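Pasting a predicted model and its sequence here:
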Amino acid sequence: MNDNFTLKKALYNFCKKSITEKINTLEQRTKSMEESRDNETKSSAGDKFETGRAMMQMEVEKNSRQLSEAHQVNNVLAQIEVEQDYKIVAPGSLVETSQGMYFLAIGMGKIPFEGKVYYGISVASPIGQVMLHKEVGDGFVFNGKTVEILGIY
């Protein structure tokens, strides 16, 4: 198998593992918060009890939104095809630029791998939007810097 495909698969697996861990953590946190909220006993200070339950409910809802977002990101990642050979920048491509290596999948930020740093970015990110549909040899300006696309894998 091509080394670039192996690299993309490793980056994909890193992203998949990270988002799965985030989902698991959020699910456990939500369950724990719901149990705490439901087990809270009414005290003689009724208003304090209601305020505490309301605050816990707000936290459960916030956590649930984060969980929903994580599931959406996971769905985006599930549609990425890492074994495809790309000629233009598209979701799933690994893009070598004069400023670094970018894996167009999900917004992960820096991904350290085998002594190098790669950047996991989403297509919706500002740099992802600028790079989308570019070819090798194309250039673009991002944050005031001229960036050249050196390779697409």
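Ah, there it is.

residue ranges of the helices in the protein, please?
3-39, 46-78, 126-131 (DSSP state H).

and those helices, which is most packed in?
helix 126-131 (a mean of 16; mean count of other CB atoms under 10 Å). Backbone N, C-alpha and C define where each C-beta goes, glycine included.

name the helices or strands packed onto it?
Counting contacts by 3 or more CB pairs under 8 Å, 6 or more residues apart in numbering; DSSP states H and E, helix 126-131 packs against strand 100-104, strand 139-142.

Reformat these as TSV; add mean pLDDT, distance to residue 85 and mean neighbour count.
Shown next, in TSV, are the helices and strands packed on helix 126-131 (pLDDT from 0 to 100; distance: least, CB to CB, whole Å; neighbours: other CB atoms under 10 Å):
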stretch	mean pLDDT	distance to residue 85	mean neighbour count
strand 100-104	97	14	21
strand 139-142	96	22	12
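
Next, the distance between the ends of stretch 108-125.
With CA to CA, to the nearest Å as the measure, the ends of stretch 108-125 fall 11 Å from one another.

just stretch 108-124 next, same as before
Span of stretch 108-124 from end to end, CA to CA: 13 Å.

so how far is that stretch from its chain's centroid?
10 Å (CA atoms, centre = their mean, to the nearest Å).

among the helices and strands of the protein, which has the poorest mean pLDDT?
Every helix and strand of the chain was ranked by mean pLDDT, DSSP states H and E. The lowest is helix 46-78, at a mean of 85.

re earlier: in a markdown table, list the helices of the chain along with distance to residue 99.
Shown next, in a markdown table, are the helices of the chain (distance: least, CB to CB, whole Å):
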| stretch | distance to residue 99 |
| --- | --- |
| helix 3-39 | 17 |
| helix 46-78 | 24 |
| helix 126-131 | 9 |
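
Out of those, which is closest to residue 95?
Nearest to residue 95, of all the helices of the chain, is helix 126-131, at 6.0 Å by CB to CB.

Convert the C-alpha atoms of stretch 112-120 to PDB, please.
Taking C-alpha atoms only, stretch 112-120 is exported to PDB below (Å, rounded to 0.1, in the frame of the first residue of the first chain):
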ATOM      1  CA  PRO A 112       1.600  14.600  16.200                       C
ATOM      2  CA  PHE A 113       2.600  11.500  14.300                       C
ATOM      3  CA  GLU A 114       6.000   9.900  13.900                       C
ATOM      4  CA  GLY A 115       7.900  13.100  14.800                       C
ATOM      5  CA  LYS A 116       5.900  15.300  12.500                       C
ATOM      6  CA  VAL A 117       2.900  17.600  13.000                       C
ATOM      7  CA  TYR A 118      -0.100  17.400  10.800                       C
ATOM      8  CA  TYR A 119      -3.200  19.500  11.100                       C
ATOM      9  CA  GLY A 120      -6.700  18.000  11.100                       C
END
